[in-house]
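Asker: Got a sequence here, can you model it:
(one chain, ligands or ions: 1)
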Amino acid sequence: MNDLEALVAEAHARFAQALHPADLENAKAAYLGKAGRLTALMKDLASMDVELRKTRGADINRAKQAIEAALNARRQAMADAELDAQLRAEALDVTLPGRRRGQGSLHPVSRTLERIEGIFRSMGFDVAEGPEIETDWFNFTALNTPADHPARSMHDTFYVEGGHLLRTHTSPMQIRHAVAHVKRYRDVLDAGEGMPEIRVIAPGRTYRVDSDATHSPMFHQCEGLWIGERVSFKDLKVVFTGFCHTFFESRDIALRFRPSFFPFTEPSAEIDIQFGHGPLAGRWLEVAGSGQVHPNVVRNMGLDPERYIGFAFGMGPDRLTMLRYGVNDLRLFFDGDVRFLSQFQ
Ligand code: PHE
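Answerer: Next comes the predicted model:
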């Protein structure tokens, strides 16, 4: 082996030892760089005579090509290895089971509200919504609730800035909806003709300073209102009985209209229901307040109480949800615990 062959073999070995691209570039400089071994040999050529220079020059060139080829081969091998490692690191195990995205579902109380709306729509009722921050007028005064009525006490009502309050019931919607209805049919009314009946439910959130297993500071109510020229307490019984039978999918339910008092209805009644079957069988359960709309309230709707009459009710969708699903603590609905809520999917 001559000196050039030995040099090529040595370069090969050094390139093979290089583990990183930087090592390889250093090794390259040792042979092909300005101060490299091959470069030094080329410089020696200058002092040789012509014949020797020719053959020696050709030999050096071949050695140089061999070293360059070895360098490139090593570079390529390194790049391949790096790509390999990267692919291995990023490998996906396509046999792993997929991660499912948790599927949301309707809140049980929302389900109840949808059921209530569907049932009343089928009986020709509109569905209306109104503000949760109310004025004193709509929440109390217009509903024939005098300034000294206990419902106004600071203990029951959340007051907010500016003299407003969080509505304590959905009854303000009786006035809001009726006033809008009357406005729409002003011409008809002024002409002394019959106005289309007001038939509406108004579900939504309500607020009272109250908290225990059956009371939450935020709870739901659903108001009902039917006003016309010949709407009677009998219609209330028919509508509400039909609603209960459809809602609970059973005719084995008795209803009781128990005399009560509300400032905005006269006469007034609490509506109790009694299941003839199931774990609650035989117990009377209060589900709504109701009554014939008070003449003062009819007047505040912009209607003549001598001509227009009707009934209203306010029921508790939270209570209905508890009864339908057999839940005994109202607060569970509002804790937001998915373990509880997912049972109603
Ligand atoms: N607003 C009453 C309450 O919250 C319920 C009710 C509504 C009673 C309509 C009569 C008529 O208790």
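Asker: Just the element for the closest residue to R319 other than its chain neighbours, please.
Answerer: The spatial neighbour of R319 that comes closest, neighbours along the chain excluded (Cβ to Cβ, 6 or more residues apart in numbering), is V287 at 6.0 Å. Placement of C-beta: from N, CA and C, glycine included. Element membership for V287, per DSSP states H and E: strand 285-293.
Asker: before we move on, the earlier item: my read: the residue nearest to R319 touches L320, true?
Answerer: Yes. At 6.4 Å, V287 counts as touching L320 under the criterion of Cβ atoms under 8 Å.
Asker: With neighbour numbers in mind, choose between the two.
Answerer: Neighbours were counted for V287 and for L320 using other Cβ atoms under 10 Å; L320 has more, 25 against 22.
Asker: Nearest residue to the more buried one in space, ignoring adjacent ones along the chain?
Answerer: Of all residues not flanking L320 in the chain, T112 sits nearest, at 5.5 Å (Cβ to Cβ, 6+ apart).
Asker: Equivalent analysis for T170, please.
Answerer: For T170, the closest residue by Cβ to Cβ, 6+ apart turns out to be E223, at 3.8 Å.
Asker: returning to that earlier point: can you tell me how far the residue nearest to R319 sits from R258?
Answerer: Computed with Cβ to Cβ, to the nearest Å, the distance linking V287 and R258 is 11 Å.
Asker: Quick check: neighbours shared by the two?
Answerer: Contact criterion Cβ atoms under 8 Å, 6 or more residues apart in numbering; residues shared by V287 and R258: 271-272.
Asker: Now the residue of the stretch 1-150 of the chain found nearest the ligand: closest residue in space that isn't a chain neighbour?
Answerer: Residue nearest to the ligand within the stretch 1-150 of the chain: L143 (8.0 Å; Cβ to the nearest ligand atom). Among residues not flanking L143 along the chain, F264 sits closest, at 4.1 Å (Cβ to Cβ, 6+ apart).
Asker: cool, and T141?
Answerer: T141's closest residue in space is A147 (Cβ to Cβ, 6+ apart), at 7.8 Å.
Asker: For that neighbour, grab the count of nearby residues.
Answerer: Neighbours of A147 using other Cβ under 10 Å come to 8.
Asker: next one: Y159
Answerer: Y159: 12 surrounding residues under other Cβ under 10 Å.
Asker: For the closest residue to it other than its chain neighbours, grab phi and psi.
Answerer: Excluding the flanking residues, the one nearest Y159 by Cβ to Cβ, 6+ apart is L165, at 5.0 Å. Per-residue torsions, L165: phi -150, psi 160 (degrees, to the nearest 10).
Asker: residues contacting G310?
Answerer: 198, 225-228, 231, 292-293, 298.
Asker: R331 versus the spatially most central residue of the chain, what's the distance?
Answerer: Among the residues of the chain, the one closest to the centroid is G104, at 7.9 Å (Cα atoms, centre = their mean). Distance of G104 to R331, computed by Cβ to Cβ: 21 Å.
Asker: cool, and Q65?
Answerer: Q65 is 86 Å from R331, by Cβ to Cβ.
Asker: what do you get for E266?
Answerer: E266 sits 35 Å away from R331, going by Cβ to Cβ.
Asker: More neighbours: which of these two?
Answerer: For E266 versus R331, neighbours defined as other Cβ under 10 Å are more numerous around E266 (15 against 12).
Asker: quick one, phi/psi of the nearest residue to the more buried one once chain neighbours are set aside?
Answerer: The shortest distance from E266 to any non-neighbouring residue, by Cβ to Cβ, 6+ apart, is to H294 (4.9 Å). When read as degrees, to the nearest 10, the backbone of H294 gives phi -60, psi 140.
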